[in-house]
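*Asks:* structure for the following, please:
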Amino acid sequence: MSRYSAPMLLSAAYLAASVSLVHAEPLRANVVSFQATATQEVTQDLLAVTLQANREGAQAAEVQAGLKQTLDAALSEAKRSAQPGAMEVRTGYFSVNPRYGNNGRINGWQGTAQLVLEGTDTTRISQTAGKLNQLNIVNVSYGLSRALREQHESALTAEAINRFRSRAGELSKNFGFTHYSLGEVNVQTGDPGFQGRPMMMAMRAKAADAEAALPVEPGKGVLTVTVSGQVILSQ
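*Replies:* Presented below is the predicted three-dimensional model:
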């Protein structure tokens, strides 16, 4: 065999592989990509209230014990009004950190513990939050419950699909074609989630004020369904 045989064989194999690849993945023509969206404004029905306790002390264990005692008492009080779906109770952020003086040395400890009330019964949640006077309200958020999303998403999905099909027909006609077929299509749903409003409230001075229900007012959330993909135009 001559010294040129091996390179020639390799070149022939590479050429064959290249031709095979071209035939395996032909260039797609008359393909248009676009998207269609359907939206609906819905009154938010899911309320989340975050309450917080703050403690300071000379020892970390002292601060931690104080936070735990306060949180346990608040949990016991809140659970009396808890009801699945209507008002769920859970603990949130809990931390104890050193406090530094001007000389850069630790001169004490400070800690934070949070309790979260969440559900669709806004009256129950606001009244419970008003009773937990050992905690401060630091955030109030509204969102959309899963049940409310599912209630509206089916109709919105159908609307978005109809808009996609209508747009496909328009594009087909505008490009001078009479028919189209669907290529890859994706359906995506979404909503803005919780929208929070920070409420760093001062310690209540009067017992009567402490047990007053928290004033709340739901906002609006926008549900969105987007259909995106490709259509292949044909005569």
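*Asks:* and for Pro98, the neighbour number?
*Replies:* For Pro98, the count of nearby residues is 11 (other CB atoms under 10 Å). The way it works is simple: take the backbone N, C-alpha and C, and place the C-beta from them, glycine included.
*Asks:* does it lie in a helix or a strand, and which?
*Replies:* Here Pro98 sits within strand 88-100, counting by DSSP states H and E.
*Asks:* packing partners for that strand?
*Replies:* helix 60-79, strand 106-119 (3 or more CB pairs under 8 Å, 6 or more residues apart in numbering; DSSP states H and E).
*Asks:* following the helix or strand of the chain with the lowest mean pLDDT, which helix or strand comes up?
*Replies:* Every helix and strand in the chain was compared by mean pLDDT, DSSP states H and E; the lowest is helix 207-210, with a mean of 44. Counting by DSSP H and E, the next helix or strand C-terminal to helix 207-210 is strand 220-234.
*Asks:* roughly how far out does that next one sit from the chain middle?
*Replies:* Distance of strand 220-234 from the chain centroid (CA atoms, centre = their mean, to the nearest Å) equals 20 Å.
*Asks:* mind checking the pLDDT average for it?
*Replies:* Confidence over strand 220-234, taken as the mean pLDDT, stands at 91.
*Asks:* also stretch 149-162?
*Replies:* Regarding stretch 149-162, the rounded mean pLDDT is 92.
*Asks:* show me what that stretch is in contact with.
*Replies:* 36-40, 42, 187, 189, 191, 223-227 (CB atoms under 8 Å, 6 or more residues apart in numbering).
*Asks:* which parts of it are buried?
*Replies:* Buried residues in stretch 149-162, counted by 16 or more other CB atoms under 10 Å: 149, 152-153, 156-157, 159-161.
*Asks:* dump those residues to CSV, plus secondary structure and distance to Ser95.
*Replies:* Formatted as CSV, the buried residues of stretch 149-162 follow (DSSP: H, G, I helix; E, B strand; the rest coil; distance: CB to CB, whole Å):
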residue, secondary structure, distance to Ser95
Arg149, helix, 33
His152, helix, 39
Glu153, helix, 38
Leu156, helix, 41
Thr157, helix, 42
Glu159, helix, 46
Ala160, helix, 44
Ile161, helix, 48
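*Asks:* list just the nearest of those to Val63.
*Replies:* Nearest to Val63 out of those is Arg149 (CB to CB; 40.8 Å).
*Asks:* using CSV, write out every CA atom in stretch 214-229.
*Replies:* The C-alpha coordinates for stretch 214-229 follow below in CSV (Å, rounded to 0.1, in the frame of the first residue of the first chain):
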residue,chain,number,x,y,z
LEU,A,214,-54.9,44.1,61.1
PRO,A,215,-56.4,46.2,58.3
VAL,A,216,-55.9,44.4,54.9
GLU,A,217,-57.1,45.0,51.4
PRO,A,218,-56.3,42.6,48.5
GLY,A,219,-54.8,43.8,45.3
LYS,A,220,-55.0,42.5,41.7
GLY,A,221,-53.0,39.7,40.2
VAL,A,222,-52.6,39.0,36.5
LEU,A,223,-52.8,35.4,35.3
THR,A,224,-51.0,34.8,32.0
VAL,A,225,-50.9,31.8,29.5
THR,A,226,-48.5,32.0,26.6
VAL,A,227,-48.4,29.7,23.6
SER,A,228,-45.2,29.8,21.6
GLY,A,229,-43.9,27.7,18.8
